[in-house]
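# Quick one: sequence and predicted model below, then my questions.
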Amino acid sequence: MCGRYALTATPKEISEFFDHLDIDDFPARYNIAPTQPILVVAASEKTRPGSNLPERRAFLARWGFIPGWVKDPKDFPLLINARSETAIGKASFRAAMRHRRILIPATGFYEWRRPPKETGVRPQAYWVRPKKGGVIAFAGLMETWSSADGSEVDTAAIMTTAANATIRHIHDRMPVVIQPEDFERWLDCKTQEPRHVEGLMRPAQEDFFEALPVSDLVNKVSNMGPELQKPVAVAVPEEKPPKDRKPDSSQMSLF
C-alpha cells in the first residue's frame, strides 16, 4: 500500500514535468497523510492551442476516495489506495477507472517493514525515492462526492500494484508509477477504456527506486520537515536464546 508520501519539488519543477502545467505556488510537503488535500492532475475539457490534445489542469483533492453512491462517509471505510488488479471491476472504483483517471505528483513515498510481532523487532520506516531524483507521477482515481446539502468535495486514491524486487523485502505493494510518455494515454478517458490502460498498471523497473531507512519521525503527521528523509542505520536485533533452552550436556564445563 501507500500510506504516506512526499512532494518536495518546486512548483516550477512540477509544472515543467507535466508540460508547463499551470499551478499555484505551494510549500514543500515532506509527510503527506490520508485525509489531507493533495495535488492531482487531470485532463481538461479544453484542447491545447494548435493541437487536438486536451489541456491538463491541476487542483486539490482529499486523499481518501469516496464513491458517488456513498450516502454518509462516516459509515464508509477510508479508501486511500486502489488495487490495480481489481479496480476495473470493483464497485467502488469502476466508474472512476472509466471516467476519472488522474495523476498524482510526488517525489517519493514512505513504507514500513513490519517484522512478525513475536520477533519483538519494531517496524522500520523507509524513504523510497527515484534514483535519479525529480518528480514522478502516481496513477490515481478521483470522484467528486456530493452531500445531501449540495456541497461537493473532490476525493482521490493512489493505485497500487505488486512490489518489484527493490521494494518486496519491505512491503508486497507499491504505487503504480506512470511514465511521462504515457501521461496522455492514462488521462484520456474518452478514447482509452480501462482495458486499454491495463498494461500501464505495472511495477516500476527494478532500478527505478532506491529505499533508504529513516527514523520513526515520519510516524507522526505533525512532523513535516526535511529531517524525515535523513537516512539512519538499521539496528540489528540481538538474538536471544529460547527460554526453555537447556544446557548441552555433551559440552565439558570448567565449573
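Looks like it came in fine.
# Distance check, I170 against M1.
According to C-beta to C-beta, to the nearest Å, I170 stands 12 Å off from M1. No exception for glycine: its C-beta is placed from N, CA and C like everyone else's.
# what about these two, which has more around it?
I170 (19 against 15; other C-beta atoms under 10 Å).
# hang on, isn't that one packed against W112?
Yes: I170 is within contact range of W112, at 7.4 Å (criterion: C-beta atoms under 8 Å).
# Local confidence estimate at the nearest residue to A28 once chain neighbours are set aside?
Leaving aside its chain neighbours, A28 sits nearest to T8 (4.1 Å; criterion: C-beta to C-beta, 6 or more residues apart in numbering). If you check T8, the pLDDT there is 98.
# repeat for N31
N31 is assigned a predicted lDDT (pLDDT) of 98.
# Now do the SS call for the nearest residue to it once chain neighbours are set aside.
In this structure, N31 finds its nearest non-sequential neighbour in M224, 5.0 Å apart by C-beta to C-beta, 6+ apart. Judged by DSSP: H, G, I helix; E, B strand; the rest coil, the three-state class of M224 is coil.
# swap in the one 4 residues further on?
Per three-state DSSP, the local secondary structure of L228 is helix.
# Pull the number of nearby residues for it.
So L228, with other C-beta under 10 Å, has 21 neighbours.
# Could I get the full set of helices for the stretch 1-150 of the chain?
Secondary structure of the stretch 1-150 of the chain (DSSP state H, counting those that start in this stretch): helices located at 11-17, 94-99.
# which regions of the chain lie under the pLDDT threshold?
Scanning the chain for pLDDT under 70 picks out 235-255.
# rerun at 50
238-239, 241, 246-255 (pLDDT under 50).
# those strands in it, which residues are they?
4-7, 29-32, 37-47, 54-63, 81-83, 101-106, 108-113, 124-130, 136-146, 152-162, 173-175, 209-214 (DSSP state E).
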